[in-house]
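Q: got a predicted structure plus its sequence, pasted below:
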Amino acid sequence: MRRILLGSLLAAASLNAFAEAPGGPDCGWGNMLFKGQRGLPSHIVASTTNGSSGNATSGMTTGTNGCRTDGALTYGGKPMLLVGNMMDELSEDMAKGEGEALTTYAVVLGVKPEDRAHFISVTHDHFSQIFSSADVTAEQVLDATFSVMKGDERLARYVADQA
């Protein structure tokens, strides 16, 4: 059950990501067919067209269909991974200093594998600062986590990318 929740959480987080489209913003038949159109419906249909036909993937592989892979993916939003029951699991894992929810949180925040144990230790040590009250919101937890990370020499580099 826990893995299903974490998987669902990651899927929901990916729906809200504002990353440059894989292969670039001009990649795929869907983008070609709906060129110039704006709004959520057009984006959804273009994305569905690209995904269902696999043409964006093949375009990235072959360099066709307006696709390219030389640019870096970007993200312009906050990683609001903490929804629903995840807050409870995360607070429990952080209080214990281990667990899948805490590891997932580190991954979503972009903490590299070699720094994850350190991240887990630091957040465990600052649990009361991060979860400052029983009714703390997800955004408050995220902001407090960033604050703790900024204060740690090893983790501060990850915050510059998130702020």
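A: Yep, it's here.

Q: only C-alpha atoms for contact and neighbour calcs from this point on.
A: OK.

Q: measure the residue nearest the centre of the chain to residue 158 for me?
A: The chain has residue 108 as the residue nearest its centroid, 4.6 Å off, counting by Cα atoms, centre = their mean. Distance, residue 108 to residue 158, using Cα to Cα, to the nearest Å: 11 Å.

Q: how far away from the center of its chain is stretch 38-45?
A: Stretch 38-45 has its C-alpha centroid displaced from the chain centroid by 22 Å (Cα atoms, centre = their mean, to the nearest Å).

Q: by mean pLDDT, point me to the weakest helix or strand of this structure.
A: Least confident helix or strand of the chain, by mean pLDDT, DSSP states H and E, is helix 2-15 with a mean of 45.

Q: OK, contacts around residue 120?
A: By Cα atoms under 8 Å, 6 or more residues apart in numbering, the contact set of residue 120 is 94, 97, 98, 102, 103, 106.

Q: so what's the gap between the one helix or strand it maps to and the chain middle?
A: In the assignment (DSSP states H and E), residue 120 maps to helix 113-125. Between the centre of helix 113-125 and the centre of its host chain there is 18 Å, according to Cα atoms, centre = their mean.

Q: quick one: the residue nearest to the centre of the chain and residue 59, what's the gap?
A: With Cα to Cα as the criterion, residue 108 and residue 59 are 27 Å apart.

Q: next: residue 135.
A: According to Cα to Cα, residue 135 stands 47 Å off from residue 59.
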